[in-house]
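[1] The following block contains a protein sequence and its predicted model.
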Amino acid sequence: MNYNTVTHKNQYCSINRKEIYFILFAIIGIFLFNSTPISVLSPILIILIGLAIGITIIYIFGHEDTRYLLDLFLIGFGLRIFVAFFSYIISFLIPNWTPGFLFSNDGWLYSDQGWQICKFAERGIKISADQILINPNLKIQSGNITSYDYFASYVYLVTGYSPLSLLFISCVAGSISALFIYLIAR
């Protein structure tokens, strides 16, 4: 008797266990995707998309060094994700600290300004950097508006307020740039 196949009374219907597991995981995935807020789900999706992009680049361009590049990418990406997530969690444990950013003036200022720009965009208000700088009602922590503020606002429009998404996008970009540097230098 084959233990991998469940046979019903109908001789034309046999279901493989792998198919059952796939169907169960698909149902669980759909349920989690629909019941989880996008600001919580987006960092996970960014990690999965980053892995897919990195592995695709390795298999397209790294013909001779596939195994080495795969190890390099996975270790580098994993370490970056771990450090980003660890610093994110630690920032909530330190009293009187900027939540979400261990180094408060590293990314929090731009994240906050990106969130303000995102809130204007959600209301349909187009606001330029000049308008932000001369408006006394808007708080500008960094002293200037940069293109990263607008990038953060686009990310927040898609993901909701999720600073972890910004950190993980930086992890993806850094890991993929290491691949390109290796491929160029080889």
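    The structure has been received and is ready for your questions. From a predicted model like this one, the values you see are computed outputs, not experimental measurements.
[2] In three-state terms, label His63 for me.
    In three-state terms, and counting by DSSP: H, G, I helix; E, B strand; the rest coil, His63 is coil.
[3] same thing with Phe101?
    Quick answer, by three-state DSSP: Phe101 is coil.
[4] How is the protein divided into domains?
    1-35, 38-185 (automatic domain parsing).
[5] Start and end of the longest one, how far apart?
    In other words, domain 38-185. End-to-end span of domain 38-185 (Cα to Cα, to the nearest Å): 39 Å.
[6] Distance of the residue nearest the centre of the chain relative to Gln113?
    The centroid of the chain falls nearest to Ile46 when counting by Cα atoms, centre = their mean (2.7 Å). According to Cβ to Cβ, to the nearest Å, Ile46 and Gln113 sit 21 Å apart. To be clear about C-beta, it is placed using only N, CA and C from the backbone, and glycine gets the same treatment.
[7] and the closest residue to the residue nearest to the centre of the chain other than its chain neighbours, what does it touch?
    Nearest residue to Ile46, sequence neighbours excluded (Cβ to Cβ, 6 or more residues apart in numbering): Phe168, at 4.5 Å. Neighbouring residues of Phe168 by Cβ atoms under 8 Å, 6 or more residues apart in numbering: 43, 46-47, 50, 81, 84.
[8] Can you convert the domains of the chain into JSON lines and add a column each for mean pLDDT?
    Output for the domains of the chain, formatted as JSON lines (pLDDT from 0 to 100):
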{"stretch": "domain 1-35", "mean pLDDT": "64"}
{"stretch": "domain 38-185", "mean pLDDT": "85"}
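[9] re the thing from before, which positions in the helix or strand containing the residue nearest to the centre of the chain come out as buried?
    Ile46 belongs to helix 38-61 when assigned by DSSP states H and E. By neighbour count on 16 or more other Cβ atoms under 10 Å, the buried set for helix 38-61 is 41-43, 46-47, 50-51, 54, 57-58.
[10] which one among these gets closest to Thr146?
    Distances from Thr146 to those, taken as Cβ to Cβ, are shortest for Ile46 (21.5 Å).
[11] Go ahead and confirm the closest one touches Ser170.
    No. With contact defined as Cβ atoms under 8 Å, Ile46 does not reach Ser170; the gap is 10.1 Å.
[12] which residues does the residue lying closest to Leu164 once chain neighbours are set aside contact?
    The shortest distance from Leu164 to any residue other than its chain neighbours is 4.5 Å, reached at Pro43 (Cβ to Cβ, 6+ apart). Counting by Cβ under 8 Å, 6+ apart, Pro43 touches 162, 164-165, 168.
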